[in-house]
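> Sequence first, then the predicted structure, then my questions.
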Amino acid sequence: MSLDEALGRYAEAAQDLSSAGLAEAAGNHFNCADLSNQASEKALQALHVLRHDVPAPYDHDLVALGRLVGAPQPVLDDLTALNPYHPATYLDTHPAETVDEEVGGDTANDLLQRARRVLRWVRPFILSP
(Lines give C-alpha, C1' and ligand atoms only; values in the text may rest on other atoms or scores of the structure.)
Protein backbone atom coordinates (compact mmCIF):
# COMPACT_ATOMS: atom_id res chain seq x y z
CA MET A 1 0.00 0.00 0.00
CA SER A 2 2.72 2.51 0.81
CA LEU A 3 4.22 2.34 -2.69
CA ASP A 4 0.86 3.01 -4.34
CA GLU A 5 0.17 5.87 -1.93
CA ALA A 6 3.66 7.28 -2.44
CA LEU A 7 3.32 7.11 -6.21
CA GLY A 8 -0.04 8.88 -6.02
CA ARG A 9 1.34 11.66 -3.83
CA TYR A 10 4.37 12.06 -6.08
CA ALA A 11 2.08 12.26 -9.13
CA GLU A 12 0.11 15.03 -7.38
CA ALA A 13 3.38 16.83 -6.69
CA ALA A 14 4.34 16.59 -10.37
CA GLN A 15 0.91 17.92 -11.36
CA ASP A 16 1.29 20.87 -8.97
CA LEU A 17 4.74 21.57 -10.40
CA SER A 18 3.35 21.58 -13.92
CA SER A 19 0.57 23.95 -12.80
CA ALA A 20 3.19 26.18 -11.15
CA GLY A 21 4.97 26.48 -14.48
CA LEU A 22 1.74 27.48 -16.19
CA ALA A 23 1.01 30.01 -13.44
CA GLU A 24 4.46 31.52 -13.88
CA ALA A 25 3.97 31.78 -17.64
CA ALA A 26 0.65 33.53 -17.08
CA GLY A 27 2.17 36.04 -14.68
CA ASN A 28 0.37 34.62 -11.65
CA HIS A 29 3.45 34.89 -9.48
CA PHE A 30 1.95 34.12 -6.09
CA ASN A 31 0.05 31.15 -7.52
CA CYS A 32 3.36 29.86 -8.91
CA ALA A 33 5.00 30.30 -5.50
CA ASP A 34 2.11 28.60 -3.70
CA LEU A 35 2.02 25.67 -6.12
CA SER A 36 5.80 25.28 -5.88
CA ASN A 37 5.42 25.10 -2.09
CA GLN A 38 2.60 22.56 -2.38
CA ALA A 39 4.50 20.42 -4.90
CA SER A 40 7.46 20.24 -2.55
CA GLU A 41 5.25 19.29 0.39
CA LYS A 42 3.54 16.51 -1.56
CA ALA A 43 6.86 15.12 -2.80
CA LEU A 44 8.28 15.02 0.73
CA GLN A 45 5.08 13.44 2.03
CA ALA A 46 5.34 10.82 -0.72
CA LEU A 47 8.78 9.90 0.55
CA HIS A 48 7.59 9.74 4.15
CA VAL A 49 4.64 7.53 3.17
CA LEU A 50 6.96 5.22 1.25
CA ARG A 51 9.23 4.80 4.25
CA HIS A 52 6.66 4.76 7.07
CA ASP A 53 3.32 3.85 5.48
CA VAL A 54 1.68 6.95 6.99
CA PRO A 55 1.83 10.66 6.20
CA ALA A 56 4.08 12.74 8.40
CA PRO A 57 2.47 15.00 10.96
CA TYR A 58 2.74 18.38 9.29
CA ASP A 59 2.26 22.00 10.29
CA HIS A 60 3.31 23.60 6.97
CA ASP A 61 6.99 23.77 7.92
CA LEU A 62 8.75 22.43 4.84
CA VAL A 63 12.17 22.52 6.48
CA ALA A 64 10.99 20.36 9.40
CA LEU A 65 9.40 17.93 6.93
CA GLY A 66 12.60 17.89 4.88
CA ARG A 67 14.66 17.07 7.96
CA LEU A 68 12.19 14.34 8.90
CA VAL A 69 12.79 12.57 5.57
CA GLY A 70 16.55 13.14 5.62
CA ALA A 71 16.86 15.82 2.95
CA PRO A 72 20.44 16.98 2.32
CA GLN A 73 21.44 20.59 2.98
CA PRO A 74 20.96 21.86 -0.59
CA VAL A 75 17.37 20.58 -0.54
CA LEU A 76 16.83 22.06 2.93
CA ASP A 77 18.07 25.38 1.52
CA ASP A 78 15.47 25.17 -1.25
CA LEU A 79 12.78 24.31 1.30
CA THR A 80 13.80 27.29 3.41
CA ALA A 81 13.19 29.57 0.41
CA LEU A 82 9.84 27.90 -0.42
CA ASN A 83 8.55 27.76 3.15
CA PRO A 84 7.13 31.32 3.47
CA TYR A 85 4.83 30.92 0.47
CA HIS A 86 2.18 28.65 1.95
CA PRO A 87 -1.05 30.63 1.58
CA ALA A 88 -2.10 30.06 5.19
CA THR A 89 0.88 32.10 6.35
CA TYR A 90 1.65 34.36 3.39
CA LEU A 91 -1.87 35.66 2.93
CA ASP A 92 -2.15 36.44 6.64
CA THR A 93 0.45 39.17 6.22
CA HIS A 94 0.02 40.25 2.58
CA PRO A 95 -3.12 41.63 0.93
CA ALA A 96 -4.40 39.22 -1.71
CA GLU A 97 -4.74 41.96 -4.31
CA THR A 98 -0.99 42.75 -4.23
CA VAL A 99 0.64 39.33 -3.85
CA ASP A 100 1.53 38.88 -7.54
CA GLU A 101 3.46 42.16 -7.56
CA GLU A 102 5.07 41.41 -4.19
CA VAL A 103 6.28 37.98 -5.27
CA GLY A 104 7.35 39.11 -8.74
CA GLY A 105 8.51 37.12 -11.73
CA ASP A 106 12.12 36.57 -10.64
CA THR A 107 11.06 35.18 -7.26
CA ALA A 108 8.38 32.99 -8.82
CA ASN A 109 10.90 31.57 -11.27
CA ASP A 110 13.44 30.96 -8.50
CA LEU A 111 10.85 29.14 -6.38
CA LEU A 112 9.77 27.03 -9.35
CA GLN A 113 13.40 25.97 -9.92
CA ARG A 114 13.78 25.15 -6.23
CA ALA A 115 10.65 22.99 -6.25
CA ARG A 116 11.96 21.18 -9.33
CA ARG A 117 15.15 20.35 -7.42
CA VAL A 118 13.11 19.01 -4.49
CA LEU A 119 11.15 16.73 -6.79
CA ARG A 120 14.33 15.62 -8.57
CA TRP A 121 15.82 14.65 -5.20
CA VAL A 122 12.70 12.66 -4.18
CA ARG A 123 12.08 11.00 -7.57
CA PRO A 124 14.63 8.15 -7.38
CA PHE A 125 13.36 7.06 -3.97
CA ILE A 126 9.79 6.86 -5.25
CA LEU A 127 10.39 5.44 -8.71
CA SER A 128 13.13 2.96 -7.74
CA PRO A 129 12.14 1.69 -4.28
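Structure's in. What do you need? As the structure is a computational prediction, the values presented were derived from the model and not from experiment.
> In this protein, what residue spans correspond to strands?
Counting by DSSP state E, the chain has no strands to list.
> and the residue most central in space within it, what is it in contact with?
By CA atoms, centre = their mean, the chain has its centre lying nearest to residue 40, at 1.9 Å. Residue 40 sits next to 13, 62, 78, 79, 82, 114, 115, 118, 119 when contact means CB atoms under 8 Å, 6 or more residues apart in numbering. (C-beta placed from N, C-alpha, C; glycine too.)
> ok, for it, nearest residue in space, not its chain neighbours?
Spatial nearest neighbour of residue 40, excluding adjacent residues (CB to CB, 6 or more residues apart in numbering): residue 118 at 4.4 Å.
> For that neighbour, give its distance to residue 44.
Noted for residue 118: a distance of 7 Å to residue 44, by CB to CB, to the nearest Å.
> which residues are common contacts for those two?
residue 71.
> Show me what the biggest helix by length in the chain is packed against.
Longest helix in the chain, counting residues (DSSP state H): helix 99-127. Applying 3 or more CB pairs under 8 Å, 6 or more residues apart in numbering; DSSP states H and E, one finds that helix 99-127 makes contact with helix 2-25, helix 29-52, helix 73-82.
> same for the shortest one, what does it pack against?
Okay, so that is helix 73-82. Judged by 3+ CB pairs under 8 Å, 6+ apart, helix 73-82 is in contact with helix 29-52, helix 62-68, helix 99-127.
> No more questions from me, cheers.
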